[in-house]
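Undergrad: generate a structure from the sequence data that follows.
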Amino acid sequence: MAKKENFHPYYIGTEHGRLSFGEVRVSNEISACMLQSGPDGGRHYITMEETGDAKIGTKGSTKVYCPGTFTVRSGKDIENYPKKDPRVDAISDVGRAIAGEVGERVFGAVEELIDKDEKPRNIPAMWYEAENGDIIIKAPRGRIKLEAESIELTAKGFDGRTGNILMDADDKIALKAQIIDVNSRVSTKIFSESTVDMIGSGIMNIYGGLCDFADRTTKGSKPSKTCGGAKSINEERNK
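TA: Residues are numbered from 1 along each chain as shown. Sure thing, here's the model as predicted:
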C-alpha cells in the first residue's frame with residue numbers, strides 16, 4: 001500500500017501536550033484530529049480517524065487511549081427526581097393525629113405529593129447507542145460492576161425470536177433477593193449433572209397439570225409405576 005500523504009497538516013502545542021490536524025500516523029492512516037499528552041503522547045491520546053476501512057469501522061472511528069484510569073462523569077445538573085414539595089414537610093406529627101374526614105383528605109393529599117416527589121423522571125445522564133454493530137465491554141484482569149437504583153436487561157431480536165440473554169460462568173451464578181420470579185411462555189428447564197436441591201423452609205408448593213416423577217430405581221429391571229399408563233417421560237429421557 002502506498003504511503004499516504006497530507007500536504008496541509010497543522011500542529012499546535014507545548015511540552016505538555018499537542019493538537020494536530022491531518023497527521024499521517026505510523027499505521028499509514030490520517031487522523032483528522034489528534035490530541036496527545038506531551039510526557040506520554042505515545043500511550044495517552046485521543047484521535048478521530050479520517051481514513052481507514054469503513055467496512056470494519058476504522059474510517060470515521062474515534063479512539064481513546066490512556067495508561068491510567070479513564071473516568072467519565074456527567075449529569076450533575078440533571079434532576080431525575082422533582083424537588084420535594086415544601087407542603088410535605090409542613091405536615092407535622094401532631095397534624096397526623098387529626099381524625100375524621102378532614103384528616104383523611106389532608107393525608108390523602110400529602111401521600112399524593114410524596115408519590116409525586118419520589119417518582120423518577122428517567123432522564124438519561126449518559127447515552128450509548130451503536131446504530132449497527134456490537135458494544136463490547138471487557139475487563140480480562142478485573143471485574144465489571146453495575147450498580148444502580150434499578151437495573152434492567154432487555155433483549156429484543158429483529159424477528160421477535162433472536163432476543164437472547166446468555167449468562168455463562170466458569171464457577172457460580174448466584175441470585176439473591178427477597179423475591180425471585182421465573183416466568184416463561186414455552187418451557188423452563190433446570191438441569192444439573194450432579195445434584196439439584198429444592199428447599200422451602202416455610203412452604204413448598206408444586207403444581208402441574210400433569211406431574212411425572214422418575215428416580216434411579218426406575219431404570220433397568222424396576223420400571224416406574226404408571227398405573228397402567230405410558231412409561232414415564234423422564235424415565236425414557238434418562239435411559
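
Undergrad: mind giving me the domain ranges of the protein?
TA: The domain map for the chain lists 10-65, 75-163, 202-239, with the assignment taken from automatic domain parsing.

Undergrad: and these, which one averages the lowest pLDDT?
TA: Within the domains of the chain, the stretch with the lowest mean pLDDT is domain 202-239, showing a mean of 69.

Undergrad: hang on, Ser27 in a helix?
TA: No - with DSSP: H, G, I helix; E, B strand; the rest coil as the criterion, Ser27 is located in coil rather than a helix.

Undergrad: how near is it to Gln36?
TA: Using Cβ to Cβ, to the nearest Å, one obtains 15 Å as the distance from Ser27 to Gln36. C-beta coordinates here come from the backbone N, C-alpha and C atoms, glycine included.

Undergrad: those two: who's more crowded?
TA: Per other Cβ atoms under 10 Å, whichever of Ser27 and Gln36 has more neighbours is Gln36, with 20 against 12.

Undergrad: next up, the contacts around the more buried one.
TA: For Gln36, the contacting residues are 13, 17-20, 44-45, by Cβ atoms under 8 Å, 6 or more residues apart in numbering.

Undergrad: residue contacts, Gly57?
TA: Residues touching Gly57, when contacts are defined by Cβ under 8 Å, 6+ apart, comprise Gly133.

Undergrad: doesn't Tyr11 belong to a helix?
TA: No - Tyr11 sits outside any helix when classified using three-state DSSP, being strand.

Undergrad: for it, give its distance to Gln36.
TA: In this structure, Tyr11 and Gln36 are separated by 10 Å, where distance is defined by Cβ to Cβ.
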